[in-house]
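> Need coordinates for the following:
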Amino acid sequence: MNHSPWCFIIAICLLPLPVAAGEPAAAHVHGAASLQVAIDGKNLTLNFESPLNNLVGFEHAPRTEKQKAAVRAMAERLHQPASLFTASPAAACALLSLKLESPVLEPTKPSVGDGHADLDGEFVFRCEHPEALRALEVGLFQAFPRLQRVDVQVAGPRGQSAVRLSPQQRRIAW
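Predicted coordinates:
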């Protein structure tokens, strides 16, 4: 049977494409977290996502007094974003709003069934001089020693960029 080369090309095009190597950005990996930084006018919005294990050492509803204390300590640290995120001082940024979501923060909601619970945080800052906003120092590693890396994506008036932070490299510049 004689097939034209076009049949081969069409058949190849119809095959499913392989998935890119590596883990998807939303993968649940202990020691790793993600941070999206968006600069829009005077607003600096930070969206932080981390497995609970990085923040409290477990991923289920707190069962012991020690675990309940760990959840309270995590919430207290996250409610002090000035110690976690330091924007360029000349930009004069101040916290506008803060929102935290996690099954351990809402004990009336049922816990995640697969044992892989996360925390999602949204921190919105208002910057009086956004033109002076050039960098962000991230203090999450000092606050949460189990955290080993933060994958950061930045979107702002100067374009988009990505960087991987570590306990040794905690500064994002754009």
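
> all contacts plus neighbour counts: C-alpha atoms, from now on.
Noted.

> low-scoring pLDDT stretches of the chain, where are they?
Flagging of the chain using pLDDT under 70 yields the residue ranges 1-28, 107-115.

> Break down it into its strands, ranges please.
Along the chain, counting by DSSP state E, strands occupy 32-40, 43-51, 85-87, 93-101, 118-127, 135-138, 149-156, 159-165, 171-173.

> and these as TSV, adding mean neighbour count and distance to Gly57?
Shown next, in TSV, are the strands of the chain (neighbours: other CA atoms under 10 Å; distance: least, CA to CA, whole Å):
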stretch	mean neighbour count	distance to Gly57
strand 32-40	20	13
strand 43-51	21	9
strand 85-87	18	22
strand 93-101	15	17
strand 118-127	20	12
strand 135-138	18	20
strand 149-156	18	16
strand 159-165	15	20
strand 171-173	17	25
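
> In JSON lines: the ones you listed, plus distance to Phe58.
JSON lines is the format used below for those (distance: least, CA to CA, whole Å):
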{"stretch": "strand 32-40", "distance to Phe58": "14"}
{"stretch": "strand 43-51", "distance to Phe58": "9"}
{"stretch": "strand 85-87", "distance to Phe58": "24"}
{"stretch": "strand 93-101", "distance to Phe58": "16"}
{"stretch": "strand 118-127", "distance to Phe58": "10"}
{"stretch": "strand 135-138", "distance to Phe58": "23"}
{"stretch": "strand 149-156", "distance to Phe58": "18"}
{"stretch": "strand 159-165", "distance to Phe58": "23"}
{"stretch": "strand 171-173", "distance to Phe58": "28"}
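
> All set, thanks.
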